[in-house]
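>>> Curious how this folds, go ahead:
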Amino acid sequence: MSRRISAIDIGSNAIRMMIADIHEQAPYLHIVKKYRAAVRLGHDVFTQGVITPASLEIAKATFQRYALTNRELGVTKCRAVATSASREAKNQKEFVDLIFKTSGIKIEVIDGTEEGRLIHLAVRKELDLDNKKSMLIDIGGGSVEVTFSQGPKMIATKSFPMGTVRILENLAKRNLTENHMNIIMGEFIGALGEHIYKNCDHDPVDFAIGTGGNLECLGQLKGELLKKSPQTFLTLAELTEIIDRLRSLKVKDRIEKLHLRPDRADVIVPAAMLVQTIMRQAETEKILIPNVGLRDGLIWSML
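The predicted structure follows:
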């Protein structure tokens, strides 16, 4: 017996939906289709504190399309969660009410802890974590979740307001460029370092695990820029080399030469540098990229 369900992740950089068939006896999931709408809610919220009327209209149209797709493909249950940008939007209630009224889809605004738990659930279903200590890094547009796992059990998770879109907006506000990334990141290093030190000083992690679209893109760039495989992990040295190559290219060149989407080309360096910083602080040399994320965790949470 299988059920067709869908999960929607309303992030700071995009609104993504995944439709999957869940086979409950095994259990395993078969991904039917993935969708992505480039709605950068973080741009509004991190600069103006609200989701603007223009973005509300785009989000409304996106959800109407997703609701129609769910009906056409026979989806029986849908769970939609909103993260960093929606958490901070002063007109959060207006946004949630508008989407429910116009599409019938109910949005849950979740905190960083629940976000970390759902991502951990996705990873646990994909990777064998037994007898290993791991650190999960999820790079989002508005926040970064750093979660520690002892075997399959989540032991600590913390959300930091240092996502890629937020960093870009911060740079723009101060008339700084990508070359000044270290200034912005320096403001978060204290709290981040404390969380890492507390959880792996006397008990180091065996490896890191990276989730989110930026990590998947970095895995692909390992093949594209370094001509190396597989794309399911990166060493710290490989990541550093990718950052150097990317920083030598303008955003326009990343789009034209590396075929990155515009809304990926401008955030990929901040994302890579965040991962690099976290790995260095945890003194880990390898990050696995299982190509799962929040949407997968949402699907599993509905079982």
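>>> Am I right that G210 sits in a strand?
Yes. Counting by DSSP: H, G, I helix; E, B strand; the rest coil, G210 is located in a strand.
>>> and it, how far is that from N291?
10 Å (CB to CB, to the nearest Å). For the C-beta atoms, the positions are set from N, CA and C on the backbone; glycine is no exception.
>>> again, but for L234
13 Å.
>>> what's the offset of the helix or strand of the chain with the lowest mean pLDDT from the middle of its chain?
In the chain, the helix or strand scored least confidently by mean pLDDT, DSSP states H and E is helix 181-200, which has a mean of 90. Computed by CA atoms, centre = their mean, to the nearest Å, the chain-centroid distance of helix 181-200 equals 19 Å.
>>> what's that helix in contact with?
Applying CB atoms under 8 Å, 6 or more residues apart in numbering, the contact partners of helix 181-200 are 133, 135, 146, 148, 155-156, 158, 160-162, 167, 170-171, 176, 269-270, 273-274, 277-278, 281-283.
>>> With stretch 114-124 instead?
81, 83, 110, 129, 136, 138, 143, 145, 147, 149, 152, 154, 157-159, 209, 211, 290, 292-298, 300-301.
>>> Equivalent analysis for stretch 254-270, please.
Residues beyond stretch 254-270 that count as contacts (CB under 8 Å, 6+ apart) turn out to be 13-14, 38, 40, 141, 164-165, 167-168, 178, 181, 213-214, 217-218, 221, 224-225, 243, 246-247, 249, 251.
>>> Just the endpoints, please. Distance across it?
This stretch, stretch 254-270, spans 14 Å end to end (CA to CA, to the nearest Å).
>>> which phi and psi does M18 have?
phi -130, psi 130 (degrees, to the nearest 10).
>>> which residues sit in contact with it?
S6, A7, I31, K33, K34, Y35, R295, D296, I299.
>>> average pLDDT for the one helix or strand R65 maps to?
Using DSSP states H and E, R65 sits within helix 53-72. The average pLDDT within helix 53-72 is 98.
>>> Tell me which other helices or strands the helix or strand following that helix touches.
Moving toward the C-terminus from helix 53-72, the next helix or strand (DSSP H and E) is strand 77-82. Judged by 3 or more CB pairs under 8 Å, 6 or more residues apart in numbering; DSSP states H and E, strand 77-82 is in contact with strand 2-10, helix 92-103, strand 107-109, helix 112-126, helix 294-301.
>>> and the second one, what does it pack onto?
It stands for helix 92-103. Other helices and strands packing on helix 92-103, by 3+ CB pairs under 8 Å, 6+ apart, are helix 53-72, strand 77-82, helix 84-88, strand 107-109.
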